[in-house]
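1. Generate a structure from the sequence data that follows.
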Amino acid sequence: MAQHRKRPRSVAQRTVSLRTAAATLTLAGAPLAAGGAAVAAPGTTAAEVRQQVDELHHEAEEATEAYNAATETAGRAEEHLDRLRDQAARRTDELNALRRDLGAQAAAEYRAAGLPASLQLALAADPDEYLERAAALDRAGSRRADAVAVLGNELLAVERLRAEAEEESDVLADARSEAAEHRETIERRLAEAEELLAGLTAQERAAALAEPAEPADAATGAVPLAAAQDASPSARAAAAVAFAYAQLGKPYGWGATGPDAFDCSGLTQAAWRTAGVSLPRTSYSQVSAGTRVSRDQLAPGDLVFYYSGVSHVGIYVGDGQIIHAARSGTPVRMAPVDSMPLVAATRPA
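-> Okay, the predicted model is just below:
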């Protein structure tokens, strides 16, 4: 990648969460065959295959959250770049209008008595040249001198906007490159998991994709929706819970935020958005949104986070259950709150 100029602090700060997330990504996977696909070693039991599949899906989810962060950064950079380009275009139009006005005045004066030095300075295209010769304006006290000063300021403003747009363009290119790398990791890990699952019977495959101690009636909800809403600490939390229930059975899709499929943080973000609360896109950003609560303080609507890298999130619905978009190959479903290593919980509102 080409060397980039040092970015302003405001630009660098926007990439911190992305770099931090990417640094936590683990790429160690299941054993690979010569062709690159994961295969179970001879004599591997279904339980061992399940463990390998779980590891691959967890790595894919880590990559998914890093991909979400990269695409979010790219989206913000693209919007900012568009605004900068619009501003630069408007300032350039203003600059050209000033130049035309001064040019017309200069032409008239030249015909009368030759071109004054101050106007030669104002019509210079190079900002450095302008600054070096700007002292000449100190002796100009006329309205024309004021117009020349305005033109100089416009010229410098355009140059600053163009430089900032170039920096933002670098941020956008970096974020898109990050997203492409994470996409490749996700697709590779999921393909490896599918290769392992292909060697199982239908019953073994179902067991490998199931969650520990999953309620038998999870598809319809082990916790009645009305009870979950009644136990919610606020009307907003009740609305988020109701949304989560309505998504039960919808497919998992990495990078998806609905309405037809979700990944874990996409589901929680969408649930709270219906309640009027804007959450960040990724699980490791959502963990900093709202008020931290302990395990014994959990109430319906709270967000619960899992694994040391905070790579998974679900929404608590009461009675020790969560609703979450688990992983590829399984639908949005209910599961025990302690079915994964819980590391934090927050209450968005």
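
2. Is it correct that G258 is in contact with A246?
-> No: counting by Cβ atoms under 8 Å, G258 stays clear of A246, with 10.4 Å between them. C-beta coordinates here come from the backbone N, C-alpha and C atoms, glycine included.

3. P259: helix or strand, and which one exactly?
-> Using DSSP states H and E, P259 is not contained in any helix or strand.

4. Can you give me the neighbour number for it?
-> Neighbours of P259 under the rule other Cβ atoms under 10 Å: 10.

5. now swap in R176 and tell me
-> R176: 16 neighbours (other Cβ under 10 Å).

6. In contact with it, which residues?
-> 70, 74 (Cβ atoms under 8 Å, 6 or more residues apart in numbering).

7. sorry, back to before: the more surrounded of G258 and A246?
-> Comparing G258 with A246 by neighbour count (other Cβ under 10 Å), the higher total belongs to G258, at 20 against 15.

8. Identify the residue spatially nearest to the more buried one, adjacent ones excluded.
-> Distances taken as Cβ to Cβ, 6 or more residues apart in numbering place A270 nearest to G258, at 4.7 Å, with adjacent residues excluded.

9. Equivalent analysis for V310, please.
-> In space, V310 is closest to Y284, 4.4 Å off (Cβ to Cβ, 6+ apart).

10. isn't there a strand covering the one you found?
-> No: under DSSP: H, G, I helix; E, B strand; the rest coil, Y284 falls outside any strand and is assigned helix.

11. how close does it get to H312?
-> 10 Å (Cβ to Cβ, to the nearest Å).

12. V287 now?
-> Taking Cβ to Cβ, one finds V287 at 11 Å from H312.

13. and stretch 181-193, C-alpha only, in PDB?
-> This file holds the C-alpha atoms of stretch 181-193, laid out as PDB (Å, rounded to 0.1, in the frame of the first residue of the first chain):
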ATOM      1  CA  GLU A 181      -9.800  -9.000   4.400                       C
ATOM      2  CA  HIS A 182     -12.400  -9.700   7.100                       C
ATOM      3  CA  ARG A 183     -14.900 -10.900   4.400                       C
ATOM      4  CA  GLU A 184     -12.400 -13.300   3.100                       C
ATOM      5  CA  THR A 185     -11.800 -14.700   6.600                       C
ATOM      6  CA  ILE A 186     -15.500 -15.100   7.300                       C
ATOM      7  CA  GLU A 187     -16.100 -16.900   4.100                       C
ATOM      8  CA  ARG A 188     -13.100 -19.200   4.600                       C
ATOM      9  CA  ARG A 189     -14.000 -20.100   8.100                       C
ATOM     10  CA  LEU A 190     -17.700 -20.800   7.300                       C
ATOM     11  CA  ALA A 191     -16.600 -22.900   4.300                       C
ATOM     12  CA  GLU A 192     -14.300 -24.900   6.600                       C
ATOM     13  CA  ALA A 193     -17.100 -25.500   9.100                       C
END
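
14. Work out the gap between it and the centre of the chain.
-> Relative to its chain's centre, stretch 181-193 lies at 19 Å (Cα atoms, centre = their mean, to the nearest Å).

15. ends of stretch 304-311, how far apart?
-> One end of stretch 304-311 sits 11 Å from the other (Cα to Cα, to the nearest Å).

16. Okay, buried residues for it please.
-> 304-307, 309-311 (16 or more other Cβ atoms under 10 Å).

17. Stretch 57-75 now?
-> Neighbour-count burial for stretch 57-75 [16+ other Cβ under 10 Å]: 57-74.

18. Flag the shaky bits of the stretch 201-349 of the chain, pLDDT-wise.
-> 211-222 (pLDDT under 70).
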